[in-house]
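Engineer: after the sequence you'll find the predicted model.
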Amino acid sequence: MKRVIVNLCILFALFSLTASAESIHTDTAEEYLNVLFGITDTRQMSVADDTEKDIDDRMLLVRYDGELDARGAAYDICDKYSIHTLIYETKRAADAAYEYYAKIGISACRNEELSVAYVTPDTTYAPYLSWGARGIGSDIFKERLETKYASTDDMPKITVAVIDSGIDYTHPFLENRVDISRGYDCRNNDTDPFDDNHHGTHVAGIIADNTPENVTLVPIKITDKYGNTDTKFFKAGIEKALELKADIINISIATDTELDDEKVGILKTTFGELFDNAEQSGITICIAAGNGALNADKVFPGFMESAITVANSQPDGGINTKSSNYGSVIDIAAPGTKIYSTYPVNKGSYGELTGTSMSCPFATASAALLMTKYPWLSPHDVNSMLKAYAKPFPAEYGKAYGAGVLDMGGITPTVILKGLKNGETEYAVDYDKTDMSEYDAACVHIWKSLDSMIPVCKKHVYTRGE
């Protein structure tokens, strides 16, 4: 008999608030892992299964500038648009507060009733949505793609599976970028993965903003409208992405506590085969490291091997240590602080969020850019190249947040490869001037020239980008 609680959250909140769940008694390994993922942001909180059904009855959304009398709410979270999320212990208490606010002229409504535009499109970083695009140099890399290909029609097609809360596929910014015909809602077991939260749409906007139109997004919904899910649906989402033969999987989800060694071992064993199958199938997986300033080596799924685990960087090139986990499993950092992106149309169309959930899709977009230019890259090669050309952190961060910050603009045509050509002697060549179809795929590895020269012979020094 095992007893475990593992809360897994969608990762973008500036706040951290997770409702406790009762211990779950299980016998089989599958049941042992079928536990709650929690979510907390400026609109949602995690709830146990026995209370989820009445959360709407106990929640109010109140628009009010200044200090609000919460009327005894158990939770009161106010976002940047002066929208308070109030959750009460009972429906009666919520009803009383609703009547009180109506009587004194304060705008209050039930969760489903809120449909207002919080923000208008921000053009500060036009033509991109956020500072992150120029922060990682995806704008530069996209220009290079335009010189290599006559049009996006000539580019290899890249499919990104977004395992999240779904995507608002009606959003104008995402027009022609979402393949709804291949999408799936694992939570409700149907083919309509519409985002009734907002997190998945925000993630999708970041990927779309940083990639050409050859990159298609496929939504795989695994959460309910509050962002809650469990390992059963998480597993189903990975399996669906494998079934779809996606090229890249984005997972902006993680536990919000450090797990003990036993749980880490069980999760690695249970999900290891799935992740290994993805890598062997040529699928690159990008995972958010988590937001709680925790040891990412004990946070699921970021500690899974065969994946790129991503920390949260700031505009100054440093790490947002208050909103990013750390640890040896982290591969790289990417913009995740005050990232402006898409929201569901009925929730304002655009919004700004902070967290490694935002960092992860920048890594996903970067992987898609690399695979567009170098279609033969393996998941290991993608990871190696991103790390080899990352911008170094200031010394104060050490190696706790990966190899550095993503720098797609720094990946130049002098990137090289060392491998075996049809079993011949090992040597190095330039990516941009080589027909890779002649190479034995199993023997190819990413290498970077240390002296910025294309090595035409063994006199040049180069090292493998680990």
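Structural biologist: All right, it came through fine.
Engineer: okay, CA-based contacts and neighbour counts for the rest of this
Structural biologist: Fine.
Engineer: outline the domain layout of the protein.
Structural biologist: With domains defined by automatic domain parsing, the chain comprises 2-113, 132-410, 416-464.
Engineer: indicate which one of these is closest to Tyr125.
Structural biologist: Smallest distance to Tyr125 across the domains of the chain (CA to CA): 8.7 Å, for domain 132-410.
Engineer: quote the end-to-end distance of the closest one.
Structural biologist: Start and end residues of domain 132-410 are separated by 15 Å (CA to CA, to the nearest Å).
Engineer: swap in stretch 367-383?
Structural biologist: 8 Å.
Engineer: give me the mean pLDDT for that stretch.
Structural biologist: Stretch 367-383 comes out with an average pLDDT of 89.
Engineer: list the contacts of it.
Structural biologist: 138, 141-142, 145, 148, 155-158, 211, 215, 248, 279, 282-285, 306, 308, 331, 431, 436, 445-446 (CA atoms under 8 Å, 6 or more residues apart in numbering).
Engineer: by mean pLDDT, flag the weakest helix or strand of this protein.
Structural biologist: Using mean pLDDT, DSSP states H and E, the weakest-scoring helix or strand in the chain turns out to be strand 24-26, at a mean of 29.
Engineer: picking up where we left off before, tabulate the domains of the chain (JSON lines), appending mean neighbour count and distance to Tyr125.
Structural biologist: Below are those laid out as JSON lines (neighbours: other CA atoms under 10 Å; distance: least, CA to CA, whole Å):
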{"stretch": "domain 2-113", "mean neighbour count": "18", "distance to Tyr125": "20"}
{"stretch": "domain 132-410", "mean neighbour count": "22", "distance to Tyr125": "9"}
{"stretch": "domain 416-464", "mean neighbour count": "16", "distance to Tyr125": "31"}
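Engineer: redo the ones you listed as JSON lines? Include distance to Ala126.
Structural biologist: Formatted as JSON lines, the domains of the chain follow (distance: least, CA to CA, whole Å):
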{"stretch": "domain 2-113", "distance to Ala126": "22"}
{"stretch": "domain 132-410", "distance to Ala126": "10"}
{"stretch": "domain 416-464", "distance to Ala126": "30"}
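Engineer: where in the protein is pLDDT low?
Structural biologist: Scanning the chain with the threshold set as pLDDT under 70 gives 1-56, 77-82, 107, 110-122, 412-466.
Engineer: need the single longest helix in it, by residues.
Structural biologist: helix 261-280 (DSSP state H).
Engineer: can you name the element that comes right after that helix?
Structural biologist: The element immediately downstream of helix 261-280 (helix or strand, assigned by DSSP states H and E) is strand 284-288.
Engineer: going along the chain, name the helices of this structure.
Structural biologist: Ranges of helices in the chain, per DSSP H, are 29-33, 49-52, 91-104, 132-136, 138-148, 199-209, 231-243, 261-280, 356-373, 379-388.
Engineer: just how off-centre is the last one within its chain?
Structural biologist: In terms of CA atoms, centre = their mean, to the nearest Å, the centre of helix 379-388 is found 18 Å from the chain centre.
Engineer: circling back: Thr123 is nearest to which of the domains of the chain?
Structural biologist: domain 132-410 (10.3 Å).
Engineer: which residue sits farthest out from the middle of this structure?
Structural biologist: Residue farthest from the centre of the chain, counting by CA atoms, centre = their mean, is Lys103 at 42.6 Å.
Engineer: could you report the separation of that residue from Lys157?
Structural biologist: 57 Å.
Engineer: just Lys373 next, same as before
Structural biologist: For Lys373 relative to Lys157 (CA to CA), the value is 11 Å.
Engineer: same check, this time on Pro301
Structural biologist: Remark: distance between Pro301 and Lys157 (CA to CA) = 27 Å.
Engineer: still on that earlier bit, got the helices of the chain as CSV, with distance to Lys221 columns?
Structural biologist: Converted to CSV, these look like this (distance: least, CA to CA, whole Å):
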stretch, distance to Lys221
helix 29-33, 19
helix 49-52, 18
helix 91-104, 29
helix 132-136, 25
helix 138-148, 27
helix 199-209, 8
helix 231-243, 7
helix 261-280, 18
helix 356-373, 15
helix 379-388, 24
